[in-house]
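J.: Predicted model and sequence below, questions to follow.
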Amino acid sequence: MSSQNKELKNLLVINSSARNRNAKSRNLSETLIGHWQKIQLNTKIQHRELGNQSIPHITEEWISAAFKPIENRTQDEFNALKKSDEYIKELKDADIIVVATPMYNWSIPSSLKAYIDQIVRINETWKYNPDNIQNPYIGLLTNKKVVLLLTRGSQGYEKGGYNEHIDFQTDYLKRVFNVMGIDEIHVITLDGAANNQEEYNKNIAIAHQETIQLIESISS
């Protein structure tokens, strides 16, 4: 059943695979978008491509500007934060944030890490509370949901799995969004891209079905 009469939903879809074609994580995000559009007609979808774009790394000038009050920033410092401002506005506008990413060397692509460095910014997506030394981070992105679509070449990254100890992808991404104030985080994984095709096809079917079921549960 479609949700065309419900209020507008803003969906931000972030793809970070370096591949344009044959990207398993991108296939998952396309499945999500396709089903979302069927059941939630009143939707604005914003795409942010990272894997095939040049994402700026933070610089000394960026750091100086980010920690300086707006009224004291120079024009060069405003320019240094321009991309960061753009990325953060997309996050603030979104109701649901979808991050589709492969695992590269047991972690995330460098483009996604550079993007994270641009968006985890004091007084924009989080602020510091010096009175709580054990948990000083106060997230500023509220009333949002995150969907992580994670693909990995091997298997065994689940809790208790033989590769759990080298999974620097899942918990890292969850903690990043936790720090920025988002607690509702859903994870869909597609493992075994390097396995035999028959086994992998089964994994694809399962991941796609899980994605569809998730969208039906969070689209209302």
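T.: The structure has been received and is ready for your questions.

J.: wouldn't D191 be in contact with Q155 here?
T.: Yes - here D191 reaches Q155: they are 4.4 Å apart, a contact under Cβ atoms under 8 Å. All C-beta atoms are positioned from the backbone trio N, CA, C, and that covers glycine.

J.: ok, those two, which is more surrounded?
T.: Between D191 and Q155, counting by other Cβ atoms under 10 Å, D191 is the more crowded of the two (22 against 18).

J.: So which bits of whatever helix or strand S217 lives in are buried?
T.: Using DSSP states H and E, S217 sits in helix 197-218. By neighbour count on 16 or more other Cβ atoms under 10 Å, the buried set for helix 197-218 is Y200, N203, I204, A207, H208, E210, T211, I212, L214, I215, I218.

J.: dump the residue contacts of the second one.
T.: Residues near N203 by Cβ atoms under 8 Å, 6 or more residues apart in numbering: L190, D191, G192, N195.

J.: ok, now with 10 Å
T.: K24, T151, Q155, T189, L190, D191, G192, A193, N195 (Cβ atoms under 10 Å, 6 or more residues apart in numbering).

J.: What of the fifth one?
T.: Listed by Cβ under 10 Å, 6+ apart, the contact set of H208 reads N27, L28, T31, L32, H35, I188, L190.

J.: re earlier: of the buried residues of helix 197-218, closest to R121?
T.: I218 (26.4 Å; Cβ to Cβ).

J.: Return the distance of the residue nearest to the closest one when sequence neighbours are not counted relative to I185.
T.: Of all residues not flanking I218 in the chain, K145 sits nearest, at 5.8 Å (Cβ to Cβ, 6 or more residues apart in numbering). To I185, K145 is 8 Å away according to Cβ to Cβ, to the nearest Å.

J.: which stretches of this protein have low pLDDT?
T.: Low-confidence segments of the chain, defined by pLDDT under 70: 1-6, 220.

J.: Let me see the ranges of the helices in it.
T.: Counting by DSSP state H, the chain has helices at residues 24-39, 60-66, 75-80, 82-93, 110-119, 170-179, 197-218.

J.: Now do the buried residues in the first one.
T.: Taking 16+ other Cβ under 10 Å as the basis for neighbour counts, the residues of helix 24-39 that come out buried are K24, S25, R26, N27, L28, S29, T31, L32, I33, H35, W36, I39.

J.: same thing with the fourth one?
T.: Across helix 82-93, burial judged by 16+ other Cβ under 10 Å covers K83, S84, Y87, I88, E90, L91.

J.: in terms of contact, does the third one touch I119 like I think?
T.: It refers to Y87. Yes - if you go by Cβ atoms under 10 Å, Y87 and I119 touch, sitting 5.1 Å apart.

J.: Thank you, goodbye.
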